[in-house]
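Enquirer: what's the 3D shape of this:
(one chain, ligands or ions: 1)
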Amino acid sequence: MTTTAPSFKQEITAVFGKPVAENPTQVMVEAAYRHHRLAWRYLTLEVDPADLGDAVRGARALGFAGFNCTIPHKVAVIPFLDEVAESARLMGAVNCVVRKGRKLVGENTDGKGFLKSLKDILDPRGKSILLFGAGGAARAIGVELALAGVARITVANRGESRGRELAGLLTERTRVKASYEPWKGRFRVPEDIDVVINATSIGLFPDVDAQLPLDTGTLLPRMVVADVIPNPPRTPLVRLAEQKGCRVIDGLGMLVNQGVIGIKYWTGVDPDPSVMRAALEDVFGR
Ligand SMILES: NC(=O)c1ccc[n+]([C@@H]2O[C@H](COP(=O)([O-])OP(=O)(O)OC[C@H]3O[C@@H](n4cnc5c(N)ncnc54)[C@H](OP(=O)(O)O)[C@@H]3O)[C@@H](O)[C@H]2O)c1
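Expert: Sure thing, here's the model as predicted:
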């Protein structure tokens, strides 16, 4: 009879951020590791910006299989990596680092996670998009949608210079037609829009009743309405869009899908999103 020696060694993945204590990704990712019987761990690590280089060297030395980067490290991590994938390079931000042999490769899964949620209900090719926001989430979503072949992206942002910058980046670096629309007062959604996306932080805990300045009469049942806010997932926009008969994507969908893509990059296993979503819903008390 042959026996295999037990192994007490686990593969390590992590998130680097500051502050990071309230980041629930560990719960979601480790639920998937347990479900798929993977001897892997995901650590929530607070890393000061001044220590980021040492933290990445430490991750190399300790053989981490990869790690996520969250605020404030998504841009600053790039010089410490060996390669950066195309969409992450276009966005200028990395939220997921993957060890490939001896190399650390930067990816961005935020926009890819959103795109997966969208593709579950609609083919984005040729569609017209209204994107509220021009921060990190909006950049990630805008670039992935452009690379996925949407026809047009209208960026509406409170701050004009950031909004114009995102529209300019999309126009110059991808094939999409992009433009900036000023956002003063309640925004009227043009009739020919197919997908409306809130990629601002309006509605994020603890400001859970905050409303997107939007003329709700202009939302039509044929439109898809998406919100990136994961906590709480049922934002005022999500509830209103449901009442209007729109198909809706909530922020948990994007969060889960970016986690699914990260786990696939690191482990090679395609994890079950329902297990990951259930773990997050427990955390958010839904
Ligand atoms: N579900 C997911 O997987 C996921 C992933 C990433 C991020 N997110 C969420 O996405 C949200 C944005 O994150 P981010 O990294 O893009 O943040 P960010 O870079 O700080 O950008 C914030 C954006 O929200 C806008 N904004 C904030 N308060 C506003 C207000 N009262 N009225 C109008 N616009 C307002 C900002 O406009 P200005 O430019 O005018 O300041 C900017 O466009 C966060 O709530 C985050 O939780 C979700």
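Enquirer: interface residues of this structure facing the ligand?
Expert: 110, 113, 133-138, 157-159, 162, 199-202, 204, 228-230, 251, 254-255, 258 (CB under 6 Å from any ligand atom). In this view, the C-beta of every residue, glycine as well, is placed from N, C-alpha and C.
Enquirer: what residues are up against the residue in the chain positioned nearest to the ligand?
Expert: Nearest to the ligand in the chain, going by CB to the nearest ligand atom, is Gly135, at a distance of 1.9 Å. Gly135 makes contact with 162, 199-201 under the criterion CB atoms under 8 Å, 6 or more residues apart in numbering.
Enquirer: how much space between Thr4 and Glu11?
Expert: 17 Å (CB to CB, to the nearest Å).
Enquirer: Looking only at neighbour counts, state which of those two leads.
Expert: Glu11 (17 against 5; other CB atoms under 10 Å).
Enquirer: Ramachandran angles for the more buried one?
Expert: Main-chain dihedrals, Glu11, degrees, to the nearest 10: phi -80, psi 140.
Enquirer: Dig out what it forms beta bridges with.
Expert: On the basis of DSSP bridges, Glu11 is bridged to Trp40.
Enquirer: on that earlier part again, can you tell me which of the residues of the chain next to the ligand are classed as buried?
Expert: Of the members of the residues of the chain next to the ligand, the ones counted as buried by neighbours, 16 or more other CB atoms under 10 Å, are 110, 113, 133-134, 136-138, 157, 162, 199-200, 202, 204, 228-230, 251, 254-255, 258.
Enquirer: Filter those residues down to the ones in helices?
Expert: Counted as lying in helices by DSSP state H, out of these, are 110, 113, 136-138, 162, 251, 254-255, 258.
Enquirer: how about those residues, which pair is most distant?
Expert: Arg162 and Leu255 (23.2 Å; CB to CB).
Enquirer: May I see the contacts of Gly135 organised as JSON lines, with pLDDT added?
Expert: Output for those, formatted as JSON lines (pLDDT from 0 to 100):
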{"residue": "Arg162", "pLDDT": "95"}
{"residue": "Ala199", "pLDDT": "97"}
{"residue": "Thr200", "pLDDT": "96"}
{"residue": "Ser201", "pLDDT": "92"}
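Enquirer: Looking at those residues, which is nearest Ile129?
Expert: Nearest to Ile129, judged by CB to CB, of the contacts of Gly135 is Ala199 at 10.5 Å.
Enquirer: how many neighbours does the nearest residue to Asp194 once chain neighbours are set aside have?
Expert: Leaving aside its sequence neighbours, Asp194 sits nearest to Lys127 (CB to CB, 6 or more residues apart in numbering; 4.1 Å). Using other CB under 10 Å, Lys127 has 19 other residues around it.
Enquirer: Relative to Arg102, how far out is Lys127?
Expert: 41 Å.
Enquirer: I figured the residue nearest to Asp194 hits Val196, correct?
Expert: No: using CB atoms under 8 Å, Lys127 is not in contact with Val196, being 11.2 Å away.
Enquirer: Assign Val143 to helix, strand or coil.
Expert: Secondary structure, DSSP: H, G, I helix; E, B strand; the rest coil: Val143 is helix.
Enquirer: Count the residues that sit near it.
Expert: Counted with other CB under 10 Å, Val143 comes out at 29.
Enquirer: Also Asp192?
Expert: If we define neighbours as other CB under 10 Å, then Asp192 has 8 of them.
Enquirer: try Gly262
Expert: 28.
Enquirer: A strand includes it, no?
Expert: No: assessed with three-state DSSP, Gly262 is helix; it does not lie in a strand.
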